[in-house]
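Peer 1: After the sequence you'll find the predicted model.
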Amino acid sequence: MKKNSKRNHASRVSDIELNSVDAEKEKKECQNNFVELLPPEVTFKIFSQLDIRSLCRASVTCRSWNHAIRHSDSLWKPHCLTVRAVCQREIDDDLESGYPWRVILLRNYQKSKVKHEWLTGRYSNICSPVSLPEKIMYPMDADTWGEILEAELER
């Protein structure tokens, strides 16, 4: 019985030490985290300078950055408007459906890249479906394929 109580005591001491180490580590991280230190407006201004890839990478840096980026929908608006140059109908439909900017971007970013490649004629000389690069293809609706076909016919 004494062995068990010694083990339990040692376990509790170890847990207390780990908790204090975690608390110290969290406190140190918080002191170095500008999202925790600066006003939200300044944090927004900093994050708004990032491109899409950098913004996505920043959102996985830590919980506070993720929360700040994920819940600042207006951070995503300029990127959506850039994508809208290629996917105007899709973006407008998503806006009418009430999606937030971040979700609209997630729904349309990859499609815009593929659609842009098609519309600029990158795949104009492909002779068979086997020649299409499978990795970059993205499912598109009939209206999108209609736009692409019209662009091909005009070439």
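Peer 2: It's in. Numbering: from 1, shown residues only.
Peer 1: any low-confidence regions in the protein?
Peer 2: 1-32, 134-136 (pLDDT under 70).
Peer 1: hey, where'd the strands end up in it?
Peer 2: Here the chain has no strands by DSSP state E.
Peer 1: got a list of what the residue nearest to the spatial centre of it touches?
Peer 2: For the chain, residue 56 is the residue whose C-alpha lies nearest the centre (Cα atoms, centre = their mean; 4.1 Å). If you count contacts by Cβ atoms under 8 Å, 6 or more residues apart in numbering, residue 56 has none. All C-beta atoms are positioned from the backbone trio N, CA, C, and that covers glycine.
Peer 1: from now on call the first residue 804
Peer 2: With 804 as the first residue, the last one maps to residue 859.
Peer 1: roughly how far apart are it and residue 900?
Peer 2: 23 Å (Cβ to Cβ, to the nearest Å).
Peer 1: try residue 911
Peer 2: For residue 911, the distance to residue 900 - Cβ to Cβ - is 12 Å.
Peer 1: More neighbours: which of the two?
Peer 2: Neighbours were counted for residue 911 and for residue 900 using other Cβ atoms under 10 Å; residue 911 has more, 22 against 10.
Peer 1: these two touch, right, residue 839 and residue 867?
Peer 2: Yes - with contact defined as Cβ atoms under 8 Å, residue 839 reaches residue 867; the gap is 5.7 Å.
Peer 1: ok, residue 887 touching residue 894?
Peer 2: Yes - with contacts counted by Cβ under 8 Å, residue 887 reaches residue 894, the gap being 4.2 Å.
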